[in-house]
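J.: This is a predicted model, with the sequence first.
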Amino acid sequence: MVNLFIGKAEVCVSLVCEELSFGARLQQVSFSAATGQLVGIIGANGAGKTTLLQALTGQLEPTAGRATFANATIAQLASLEQRRLIGFLPQNPTAHSDITVAHFLRSGLVNLSLRQSPSAEVKRVVALLKIHDYLSRPLTQLSGGEQRRVQLARALLGDQPWLACDEPTASLDLHYQLHVMQLLKSLAQQGKIITVALHDLSLAARFCDQLVLLHKGRLVAAGEPAAVLTDENLANAFGISARWLCTEQGVALLPSLLKQPS
Ligand SMILES: Nc1ncnc2c1ncn2[C@@H]1O[C@H](COP(=O)(O)OP(=O)(O)OP(=O)(O)O)[C@@H](O)[C@H]1O
């Protein structure tokens, strides 16, 4: 494991992405993250956020470069080992017709190594996402935001050390956007690495320890939010200018359209 100095404390860097590429969709992206960090992956539509998450976690085989977690090369791990290492929330999970939420959650326990009984593990994630009321309902009859919380609960089953989420706040109301971001932050602080693709730059700036900004499959910047969300990067990657509101609750970005992203 590589040791680095981040701020004043020495920390173990557990996730290292080295010049990771996937054809033209992702080109030589590098960054690293330490246990305890919530890492936001940001960029315009089509920038490569989903591709990066999939190549990082072994769902897409990189065409060059590699991703390692605790020195293990992810692409070389068996799928069972990947599953025990990484909790994954896809951007568009497959629709499961007819099954209840309880059934959907139980089906997510397959091949996980659990520290407690399966029913206690389901109860744990149900409480985290506040989805008790949905358990006996068919999954596809829930609203979009309700389904998203159930899908995130399923991704948390197994309590893996690395959680990768593709737009976890999509479809959520403001209450649950904050709830989910606070939950992810607290899970990171309890010792996970969390990589999360996000569109909301205010949430990204407020909650993430580090941001990875992509543009057309290439890395523009990686680092602390203030260093990444510069006027120049916002203009080039998103075609916006922004004013920042700073309050006791955190920061919020007020964007204005500039032009099409270059
Ligand atoms: N299955 C695929 N085959 C070919 N090209 C693809 C495929 N999926 C995505 N792409 C292309 O790869 C690029 C990156 O897509 P990706 O889904 O990673 O972007 P993203 O940043 O997650 O976008 P969004 O914010 O819209 O979800 C885009 O140009 C997209 O059109």
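T.: Yep, that arrived. This is a predicted model, so every value here is computed, not measured.

J.: what about the residue nearest to the spatial centre of the chain, distance to the ligand?
T.: For the chain, Val196 is the residue whose C-alpha lies nearest the centre (Cα atoms, centre = their mean; 1.8 Å). Distance of Val196 to the ligand, computed by Cβ to the nearest ligand atom, to the nearest Å: 12 Å. The C-beta positions use only the backbone N, C-alpha and C, and glycine is treated the same way.

J.: for Met181, same thing?
T.: Taking Cβ to the nearest ligand atom, one finds Met181 at 18 Å from the ligand.

J.: Which strand or helix spans that residue?
T.: helix 174-189 (DSSP states H and E).

J.: ok now the next helix-or-strand element following that helix, how far from the chain's centre?
T.: Remark: after helix 174-189, the chain's next helix or strand is strand 193-197, criterion DSSP H and E. In this view, strand 193-197 has its centroid 3 Å away from the chain centroid, taken as Cα atoms, centre = their mean, to the nearest Å.

J.: Give me the sheet partners of strand 193-197 and which way each runs.
T.: Strand pairing for strand 193-197, determined by DSSP bridges: strand 38-42 (parallel), strand 162-166 (parallel).

J.: could the ones you listed be laid out in TSV, adding distance to Gly48?
T.: Formatted as TSV, the entries for those read as follows, by distance: least, Cβ to Cβ, whole Å:
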stretch	distance to Gly48
strand 38-42	9
strand 162-166	12
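
J.: Which of the ones you listed has the highest mean neighbour count?
T.: Highest mean neighbour count among these (mean count of other Cβ atoms under 10 Å): strand 38-42, with a mean of 26.

J.: now the strands: where do they sit in the chain?
T.: For the chain, the strands defined by DSSP state E cover 2-6, 9-22, 26-34, 38-42, 64-69, 72-73, 86-89, 162-166, 193-197, 210-215, 218-223, 240-247, 250-257.

J.: looking at the ones you listed, which has the lowest confidence?
T.: Among these, strand 2-6 has the lowest mean pLDDT, at a mean of 39.

J.: rewinding a little: for the helix holding Met181, list every residue counted as buried.
T.: Tyr176, Gln177, Leu178, His179, Val180, Met181, Leu183, Leu184, Lys185, Leu187, Ala188 (16 or more other Cβ atoms under 10 Å).

J.: and the angle for it with strand 38-42?
T.: Relative orientation of helix 174-189 versus strand 38-42 (axes from the mean of the first three to the mean of the last three Cα atoms, to 10 degrees): 130 degrees.

J.: packing partners for helix 174-189?
T.: Applying 3 or more Cβ pairs under 8 Å, 6 or more residues apart in numbering; DSSP states H and E, we find helix 174-189 packed against strand 38-42, helix 118-129, helix 144-156, strand 162-166, strand 193-197, helix 201-207.

J.: In TSV: those, plus distance to Leu257.
T.: Listed next are the helices and strands packed on helix 174-189 as TSV, based on distance: least, Cβ to Cβ, whole Å:
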stretch	distance to Leu257
strand 38-42	18
helix 118-129	35
helix 144-156	27
strand 162-166	26
strand 193-197	22
helix 201-207	14
